[in-house]
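**Q** Sequence and predicted model, in that order:
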Amino acid sequence: MDGDAQRSAWLESLESGWRRELQAQRSAAEEIWRTPLAERLADGDALRVTHLRRIHDRQLFAVPVDDDACRLREGDFLCLSRDNPHAPTGKFIHLGEDDDGIHLWRWWGEMPGADSDGWVLDRDFIDLGPRFAEATRALAETVRGREMILPFLMGETGGETEGEAFSTTMDELEEGGPEDVSWHDSQQEAIAACVATQDGYLVQGPPGTGKTFVLSEVVRRLVERGERVLVTGPTHRAIQHALEGCRKLLPDHVRVVKIGPAMLARGVVEHFESYAESGLIEESGACVVGATPFALWSEFTGLREAEFDTVVIDEASQVTVMVAVMAMLRGERWLFFGDDFQLPPVMISKDRAAPETSIFRLLKDRGFDTMLEETWRLNEQLAAWPSATFYGGRLTCRSNLHLALDPAPRHPALLTDHAVSLDIGDGDRSTVRSEHEAQTVANLVRELIRGGVRPEDIGVITPYRAQAAAIRSVLRIPTETTSLHRRITVDTVERFQGQERDVILVSLASARPDWIRRLAGFLFQPQRWNVAVTRARRKLVVVASRGLIDTAESLADAGDPGAVCFSSWHREAVRDGCLAPDRKGGG
């Protein structure tokens, strides 16, 4: 097959993949929409709201009726209807919530009146087919797409570096970074290579290795030489976080602007709903612009004709190839920051004929990537297992933080001095919700607070929305420490990537062997488990049932790769004496 035929086949595979995925997403959404409201509410896929109030033409305020099980979060696409999501009044983006209610930004449809009853917010399916199709045509037909991006994606080009720029940057980094920061060797290499690349470069950032700090330093140096830089990523939250890191390092006169709806906690970055409103079209000179890949192809944002020197994609391991292409078409060089051993893109279809789903996984190990090797978050005990399992034993620790409670704790899982604790209970026949584990987590939380840990420094991770709701419900019970359910983040692994806390509690909930076997690919997915156990700075406590531990061991013995990964973590925890003192460990 000649070169043109190979490229045509690659493009056809890419297009068939995104079309198949969009159809799977549509089918999944419609199946949820067909279920009764009570079931959607119980599963956390819908939320009843009341007291609607228009803030301005595009922003709406709504008060939840009952949010115990709700898993609708900042950045989600939602539709508002009278319990008929197939015929919504309007489509909105969840901007965030405060103590009074939820703020929504309208991107399609009508703003409703102030009727108080009967309104329901449902998860929405966004048909990106027209934008994907346009970007696919641009990849095939434009000079940048056909002659630069496509050969880069297919492995025909990549890794071209300007040697003098690399050497100069390395020399400067040896002298120290901002505020006399001493850069680690791998950080120096990553920064210099990103600055000197003539096409693209990847930076792998394992947990706590300063990925955002490196990204910000790279952007600072690009801006210093006069570049206009686009920062994008899979979510508004990821983009906002990266922009705030850039803002800290850049001079005040350099503009850092986010285009699109402003999330509530928007920090120090300028926000405009459209590119025209920002004034950057008329301004020359260096700047940093943040926008989602979809906003780049939106008529409303005014970014369709925007051009940049360098495109920076953060959390690139969660970005599909097609979504990355939408951003890459706007720049001459492309920098990818991520970690393929953390969560991949959320995909519903299983189209194995298409190119790799993650742009980071597609491009990694082609000779133009650097892994950051020094973690500032994890102490040696917390870093040992992920380093050996995922990162070739290359992670070194700059942190020596450990948990110290005063008065001393009473709960067995907190008595061990080890940074990792495992609390194994007999459990019950639970599947997605365990009242026993929810109570155990609540007891641990109260012991931690009693010992001096702030609620805001505690995070709870669980695989299931139902278990998160059960834990929040127990935390809602009035005690000497009120409002715990609002002050402590209780969420799924997917929502916790990129976050950290002093103490992380993980509740796995499931105890019934047949259920665990059916969901083994989800429960024991190595990337998901890696994220769950690497969010803590001082202490990690895993609460699990004997049924789950035994089933995982059985699956591991049969060769299930996810269960092998999980069981290796469990066996190391038991071997290192991390089991709660009054529990009997196996393995």
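**A** Alright, I've got the coordinates. Just so you know, these numbers come straight off a predicted model, no measurement behind them.

**Q** show me the contacts for residue 253.
**A** Contacts of residue 253 were listed using Cβ atoms under 8 Å, 6 or more residues apart in numbering, and none were found. Any C-beta I mention is one placed from the backbone N, CA and C, and that applies to glycine too.

**Q** Tell me the secondary structure of it, please.
**A** For residue 253, the secondary structure call by DSSP: H, G, I helix; E, B strand; the rest coil comes out as coil.

**Q** I'd like the distance between it and residue 287.
**A** Here residue 253 is placed at a distance of 10 Å from residue 287 (Cβ to Cβ, to the nearest Å).

**Q** ditto for residue 548
**A** Counting by Cβ to Cβ, the gap between residue 548 and residue 287 amounts to 51 Å.

**Q** the more surrounded of the two?
**A** Remark: of residue 548 and residue 287, residue 548 carries more neighbours, 26 against 19, as counted by other Cβ atoms under 10 Å.

**Q** these two touch, right, the more buried one and residue 512?
**A** No: taking contact to mean Cβ atoms under 8 Å, the distance of 9.0 Å between residue 548 and residue 512 leaves them out of contact.

**Q** next structured bit after the helix or strand residue 385 falls within?
**A** Following DSSP states H and E, the helix or strand that holds residue 385 is helix 380-390. Note on helix 380-390: by DSSP H and E, the next helix or strand toward the C-terminus is strand 396-397.

**Q** which helices and strands sit right next to that next one?
**A** Helices and strands touching strand 396-397, as assessed by 3 or more Cβ pairs under 8 Å, 6 or more residues apart in numbering; DSSP states H and E, comprise strand 374-375.

**Q** ok, back up a step: if we go by neighbour counts, what in the helix holding residue 385 is buried?
**A** Using 16 or more other Cβ atoms under 10 Å as the test for burial, helix 380-390 gives 381, 382, 383, 384, 385, 386, 387, 389, 390.

**Q** OK, contacts around the third one?
**A** If a contact means Cβ under 8 Å, 6+ apart, then residue 383 has 375, 395, 397 as its contacts.

**Q** From residue 537, how far out is residue 385?
**A** In this structure, residue 385 and residue 537 are 16 Å apart, going by Cβ to Cβ.

**Q** repeat for residue 87
**A** Counting by Cβ to Cβ, the separation of residue 87 from residue 537 is 47 Å.

**Q** Of these two, which one has the most company?
**A** For residue 87 and residue 537, the more surrounded residue by other Cβ under 10 Å is residue 537, and the numbers stand at 22 against 8.

**Q** The one helix or strand in the chain whose mean pLDDT sits lowest - contacts with which helices or strands?
**A** Among the secondary structure pieces of the chain, namely its helices and strands, helix 484-487 has the lowest mean (mean pLDDT, DSSP states H and E), a mean of 71. Taking 3+ Cβ pairs under 8 Å, 6+ apart as the contact definition, the neighbouring helices and strands of helix 484-487 are helix 465-475.

**Q** same for the helix it packs on, what does it pack against?
**A** Going by 3+ Cβ pairs under 8 Å, 6+ apart, helix 465-475 lies up against helix 435-450, helix 484-487, strand 489-491.

**Q** where does the stretch 301-450 of the chain have low pLDDT?
**A** Applying pLDDT under 70 to the stretch 301-450 of the chain picks out residues 350-356, 427.

**Q** would you list every one of the helices in it?
**A** Assigned by DSSP state H, counting those that start in this stretch, the stretch 301-450 of the chain shows helices spanning 321-328, 359-363, 380-390, 412-415, 435-450.

**Q** export the fourth one as PDB, just CAs?
**A** Read it as helix 412-415. Coordinates of the C-alpha atoms in helix 412-415 are reproduced here as PDB (Å, rounded to 0.1, in the frame of the first residue of the first chain):
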ATOM      1  CA  PRO A 412      -7.600   0.500  64.000                       C
ATOM      2  CA  ALA A 413      -6.900   1.700  60.500                       C
ATOM      3  CA  LEU A 414      -5.400   4.900  61.900                       C
ATOM      4  CA  LEU A 415      -3.200   3.300  64.600                       C
END
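
**Q** Report the buried residues of that helix.
**A** Counting neighbours by 16+ other Cβ under 10 Å, one finds that the buried residues in helix 412-415 are 413, 414.

**Q** roughly how far is stretch 148-156 from the heart of the chain?
**A** Averaging C-alpha positions (Cα atoms, centre = their mean, to the nearest Å) puts stretch 148-156 27 Å from its chain's average.

**Q** what's the answer for stretch 310-317, then?
**A** Average the C-alpha atoms of stretch 310-317, do the same for its chain, and the two points are 13 Å apart (Cα atoms, centre = their mean).

**Q** how near is residue 527 to residue 135?
**A** In this view, residue 527 and residue 135 are 27 Å apart by Cβ to Cβ.

**Q** Between those two, tell me which one has more neighbours.
**A** Between residue 527 and residue 135, residue 135 has the larger neighbour count (other Cβ under 10 Å), namely 24 against 19.

**Q** For that one, I want the exact helix or strand it lies within.
**A** Element membership for residue 135 (DSSP H and E) is helix 129-141.

**Q** Now do that helix against helix 321-328, angle only.
**A** Between helix 129-141 and helix 321-328, the angle formed by their directions is 70 degrees, by axes from the mean of the first three to the mean of the last three Cα atoms, to 10 degrees.

**Q** Tell me the first helix or strand C-terminal of helix 129-141.
**A** Scanning onward from helix 129-141 (DSSP H and E), the first element met is helix 143.

**Q** if you average pLDDT over that following helix, what comes out?
**A** For helix 143, mean pLDDT rounds to 97.

**Q** what's it packed up against?
**A** On a contact count with 3+ Cβ pairs under 8 Å, 6+ apart, helix 143 meets no helix or strand.

**Q** Show residues contacting it.
**A** With Cβ under 8 Å, 6+ apart as the contact definition, helix 143 has no outside contacts at all.

**Q** next SSE after it?
**A** Downstream of helix 143, the first helix or strand assigned by DSSP H and E is helix 150-153.

**Q** what's the helix or strand for the closest residue to residue 104 other than its chain neighbours?
**A** Leaving out its chain neighbours, the residue that sits closest to residue 104 by Cβ to Cβ, 6 or more residues apart in numbering is residue 92, at 4.0 Å. For residue 92, the element it lies in under DSSP H and E is strand 90-97.
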